[in-house]
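J.: coords please:
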Amino acid sequence: VRVFHVENRGRDILPLVRLVNAGLLDGYGLVCKIHTKRSTWRAAGGRFEGDGNAWRDALVTGLLGSRQLVGSILRAFEVEPSLTMVTAPGQVLGPPHWGANLPLVLALGRRGGLPVVPGRLRFAGGSMYWVRGDALRRLRDLGLRSAHFDAEHGQDDGTTAHAVERYLGYLV
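T.: Residues are numbered from 1 along each chain as shown. This next block holds a predicted model:
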């Protein structure tokens with residue numbers, strides 16, 4: 001076990017970027033990314049249904065719910081070389097979920113040299129998934145550091161973390 005201290009910026013995305021940038025995931029062909037998914041701002045109501053706990057439970061159960069499920073996911077990656085990411089059922093989101101993130105994702109696309117086509121958005125909502133290590137390593141091309149991420153103020157959209165979550169969909 002390694003403990004990697006990261007300031008409270010960028011939620012779960014900055015820690016992921018820091019791990020990638022430090023090369024700590026370089027030896028892995030497949031990574032399962034999970035996190036606490038607190039999302040306390042969801043409990044207050046508003047434009048999202050449910051609370052952060054229910055969302056986290058659905059994500060974790062959909063990725064790690066049983067030995068059989070994990071085995072089937074691992075087998076799928078083994079037999080299908082083009083499979084790059086698997087997320088929980090119902091969590092692949094598309095263009096209706098751009099929110100305020102499109103300008104930021106377009107900027108990431110320019111920075112990373114990957115064209116972003118707004119109508120082709122597909123990403124893992126909730127940012128929990130199984131993913132090939134090669135896809136994650138491409139985040140390094142962005143050259144992102146802590147200063148690129150917004151301070152935590154309970155934002156539910158329009159931050160660098162939200163943009164990277166969507167951009168990763170283009171990487172895969």
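J.: Report the central residue of this protein.
T.: In the chain, the centroid-proximal residue (CA atoms, centre = their mean) is residue 127; its distance is 3.3 Å.
J.: What helices and strands are in contact with the helix or strand of the chain with the lowest mean pLDDT?
T.: Lowest on mean pLDDT, DSSP states H and E among the helices and strands of the chain sits helix 52-64, with a mean of 91. Counting contacts by 3 or more CB pairs under 8 Å, 6 or more residues apart in numbering; DSSP states H and E, helix 52-64 is packed against helix 67-79. Yep, even glycine has a C-beta here, placed from its N, CA and C like the rest.
J.: returning to that earlier point: give me the angle between the least confident helix or strand of the chain and helix 67-79.
T.: Interaxial angle of helix 52-64 relative to helix 67-79 (axes from the mean of the first three to the mean of the last three CA atoms, to 10 degrees): 60 degrees.
J.: so what's the residue nearest to the centre of the chain closest to, chain neighbours aside?
T.: The shortest distance from residue 127 to any non-neighbouring residue, by CB to CB, 6 or more residues apart in numbering, is to residue 165 (5.0 Å).
J.: The one you found: which element?
T.: helix 160-171 (DSSP states H and E).
J.: pLDDT on that helix, on average?
T.: Confidence over helix 160-171 (mean pLDDT, whole number) is 96.
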